[in-house]
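# make a model of this:
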Amino acid sequence: MYGISKNTACRMITAFAALVAASNANAQAPAAQGGPTMLSTSLTPENLDKLRLTDFERLLDEASHTDDFVGLAVAVVRHGEIQLLKTYGVREVGGDAAVTPNTVFRVGSLSKGFASTLAGIAMADGRLALETPVAPYEPRFALKGGAEARVTVEDILSHRTSLPPNAYDNLLEDGVAVPEILSRLRNVKPICSVGSCYAYQNVAYAMIGDVLSAVYHEPYADLVRERIFAPLGMRTASVGEEGLAATGDWARPHIRERSGDKASPQYGPWRSVTVKDAYYRTPGAGGVNASISDMALWLKAQMGDAPAVLSESVLSTIHTARVDTPAEKRRWDILQGRLNDAKYALGWRIYDYGGHTLINHSGTVEGYAAQIAWLPERDVGIVILANTRAERVWRILPAFLDNELGLNERDWLALNDGKARFSVDGARASGD
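Numbers count the residues shown, from 1 in each chain. Next up is the predicted model:
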């Protein structure tokens, strides 16, 4: 049945029966009195999409009742329409304020896509180019041997700075000022020449915010609001810590203690924690807040449904792969047999997932997890926001993708045995 697994087929047949029953209004007249009623409903591609979405929604509903979530929000966009927008749980453990479509979450490194998109707009405006040097805009930025002079906008946005992964994130988390960190980068031994290899960054990536502020003569947060949030109708989205709580409807971050070995982990209860400001000080890398309603609009725009705001030229620039990221296949070891190739564009990852192109990014800061992804050839995508970083949060995306692509089913959400074991648990402070 369209290449899907037996379990999925059974669930979809049940859903199809419900769809048929709901379609009686479209039934044709019987051929003769007392004869059978012929239904016009059939398993068309459109109906199959509906069935898959219904199947995925049921998985979500079941997963939401596990103890891996406090609050969760999910949106699915297909062919320019928001086909699913669901919220679960509460904003804070022990409270009764439910997560709503307008509840604001931190989106962590999904912020990088906003920064790269604004850079793409600046390129379309003629204010920047891929080869624009970064150093003239950042007088404190220094690399060993004066290599900073060769770092371009393209290098920053594709993580090709020559620095080792997450260089000096520890200093950022310890409260060291960003300009001071940029100057200390001269002490870091490079892992390659500038522009020749990939290594994920936060401090270095965030320099794009200062570059954009300089070329537009306006604060970065204002630029994002004026050029992206406002024209897309993202009413609760913001950049910076103050914006998180500004609406009054915001999800608190949560953590829990882990004990036991990897094979049999044990977890304590969720507890809310204070919001940490480290990555708000690198706004282009990790400073955006948004609700699931906002992020559904953002997903639509990235999928090409807002050409007046994000032109085809801008999207092509930022979605074009720039560098191989082979370590991704090792890091996401749970995706073996699915993740065949991995590259980085400008603020976006480009995967070959089961033979299909997937554009995506993940983000995490303490107490929050976020993912955005879409399949261009099927014109369908998903956004996931949570105020926990439990293993099941990261399993929602492959469950959605396999369901959409009709791949052989895996129990991604570990609903059969009640346990989720996933090697990527969002332990790093910010990034994916």
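# tell me where the model's unsure across the stretch 251-400 of the chain.
The model of the stretch 251-400 of the chain has no residue with pLDDT under 70.
# helices of that one, start to end?
Counting by DSSP state H, counting those that start in this stretch, the stretch 251-400 of the chain has helices at residues 283-286, 292-300, 312-319, 327-331, 391-405.
# and for the third one, what are the contacting residues?
Right, the one you point to is helix 312-319. 113, 116-117, 119-121, 123-124, 130, 157, 302, 304, 345-348, 350, 359 (Cβ atoms under 8 Å, 6 or more residues apart in numbering). Where C-beta positions appear, they are placed from N, C-alpha and C, glycine not excepted.
# and stretch 325-338, what's buried?
Buried residues in stretch 325-338, counted by 16 or more other Cβ atoms under 10 Å: 325, 328-329, 331-332, 334-335, 338.
# how long is it from one end to the other?
End-to-end span of stretch 325-338 (Cα to Cα, to the nearest Å): 16 Å.
# other residues contacting it?
For stretch 325-338, contacts defined as Cβ under 8 Å, 6+ apart pick out 198, 339, 341-344, 349, 351, 353-354, 398, 401-402, 407, 422-424.
# recalculate using a threshold of 10 Å.
Contacts with stretch 325-338, where a contact means Cβ atoms under 10 Å, 6 or more residues apart in numbering, come from 158-159, 165, 197-200, 339-344, 349-356, 358, 362, 391, 394-395, 397-398, 401-402, 405, 407-408, 410, 412, 421-424, 432.
# what subset of the residues you listed is buried?
Listed as buried from those are 158-159, 197-200, 339, 341-344, 349-351, 353-354, 356, 358, 362, 391, 394-395, 397-398, 401-402, 405, 407, 410, 412, 422, 424, 432; burial here means 16+ other Cβ under 10 Å.
# quick one: which of these sit in strands?
Of the buried ones among the contacts of stretch 325-338, the ones assigned to strands by DSSP state E are 339, 341-344, 349-351, 353, 356, 358, 362.
# tell me where the stretch 1-150 of the chain has strands.
Using DSSP state E, counting those that start in this stretch, the strands found in the stretch 1-150 of the chain span residues 71-78, 81-89, 104-106.
# if you could redo that for the stretch 151-300 of the chain, that was the one I meant.
Under the criterion DSSP E, counting those that start in this stretch, the stretch 151-300 of the chain contains strands at 238-239, 254-255, 258-259, 266-267, 271-272, 288-291.
# deepest of those strands, which one?
Of the strands of the stretch 151-300 of the chain, the one with the most neighbours on average (mean count of other Cβ atoms under 10 Å) is strand 288-291, at a mean of 30.
# which secondary structure elements does that strand sit against?
Packing contacts for strand 288-291, counted by 3 or more Cβ pairs under 10 Å, 6 or more residues apart in numbering; DSSP states H and E, involve strand 104-106, helix 111-124, strand 238-239, helix 241-246, helix 292-300, strand 368-375, strand 380-386.
# please identify the pairing partners of it and their relative orientation?
Using DSSP bridges, the strands paired with strand 288-291 are strand 104-106 (antiparallel), strand 238-239 (antiparallel).
# helices of the stretch 51-200 of the chain, start to end?
111-124, 153-157, 169-173, 178-184.
# what's the closest of the helices and strands packed on strand 288-291 to Arg258?
Each of those was scored for nearness to Arg258 using Cβ to Cβ, and the closest is strand 368-375 (15.3 Å).
# next, the angle strand 349-353 makes with the closest one.
Counting by axes from the mean of the first three to the mean of the last three Cα atoms, to 10 degrees, strand 368-375 lies at 60 degrees to strand 349-353.
# list the buried ones in strand 368-375?
Buried positions in strand 368-375, judged by neighbour count with 16+ other Cβ under 10 Å: 368-375.
# strands paired with that strand, and their directions?
Counting by DSSP bridges, the strands paired with strand 368-375 are strand 356-365 (antiparallel), strand 380-386 (antiparallel).
# of all these, which one is nearest Gly175?
Between the strands paired with strand 368-375, strand 356-365 lies closest to Gly175; by Cβ to Cβ that is 15.4 Å.
# for the closest one, output the C-alpha coordinates as CSV.
Taking C-alpha atoms only, strand 356-365 is exported to CSV below (Å, rounded to 0.1, in the frame of the first residue of the first chain):
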residue,chain,number,x,y,z
HIS,A,356,14.7,12.8,-0.3
THR,A,357,16.0,16.3,0.2
LEU,A,358,15.3,17.7,3.7
ILE,A,359,16.0,21.3,4.7
ASN,A,360,16.0,21.8,8.4
HIS,A,361,17.6,23.1,11.6
SER,A,362,17.4,22.2,15.3
GLY,A,363,17.9,24.5,18.3
THR,A,364,18.3,24.1,22.0
VAL,A,365,19.1,26.2,25.0
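# from the chain's centroid, how far away is that strand?
Distance of strand 356-365 from its chain centroid, counting by Cα atoms, centre = their mean, to the nearest Å, is 5 Å.
# what about Gly95, how many residues nearby?
By the measure other Cβ atoms under 10 Å, the count of residues near Gly95 is 12.
# number the chain from 94, please
Sure, I'll start counting at 94 from here, so that last one is Gly188.
# returning to that earlier point: just the closest of the ones in strands among the buried ones among the contacts of stretch 418-431 to Pro346, please.
Once Cβ to Cβ is applied, the member of these that ends up nearest Pro346 is Ser455, at 16.4 Å.
# in contact with that closest one, which residues are there?
With contacts defined as Cβ under 10 Å, 6+ apart, the neighbours of Ser455 are 200-203, 425, 442, 462-466, 477, 486-487, 490, 517, 519, 524-525.
# where does the stretch 94-243 of the chain dip in pLDDT?
Ranges of the stretch 94-243 of the chain meeting pLDDT under 70: 94-135.
# hmm, back to that, tell me which two in the buried residues of stretch 418-431 are the farthest apart.
Of all pairs in the buried residues of stretch 418-431, the most separated under Cβ to Cβ is Thr418 and Ile427 at 16.8 Å.
# name the nearest residue to Ala222, sequence neighbours excluded.
Met216 (6.2 Å; Cβ to Cβ, 6 or more residues apart in numbering).
# correct me, but that neighbour touches Val304?
No. The criterion here is Cβ atoms under 10 Å, and Met216 misses it with Val304 at 11.6 Å.
# more neighbours: which of those two?
Per other Cβ under 10 Å, whichever of Met216 and Val304 has more neighbours is Val304, with 24 against 19.
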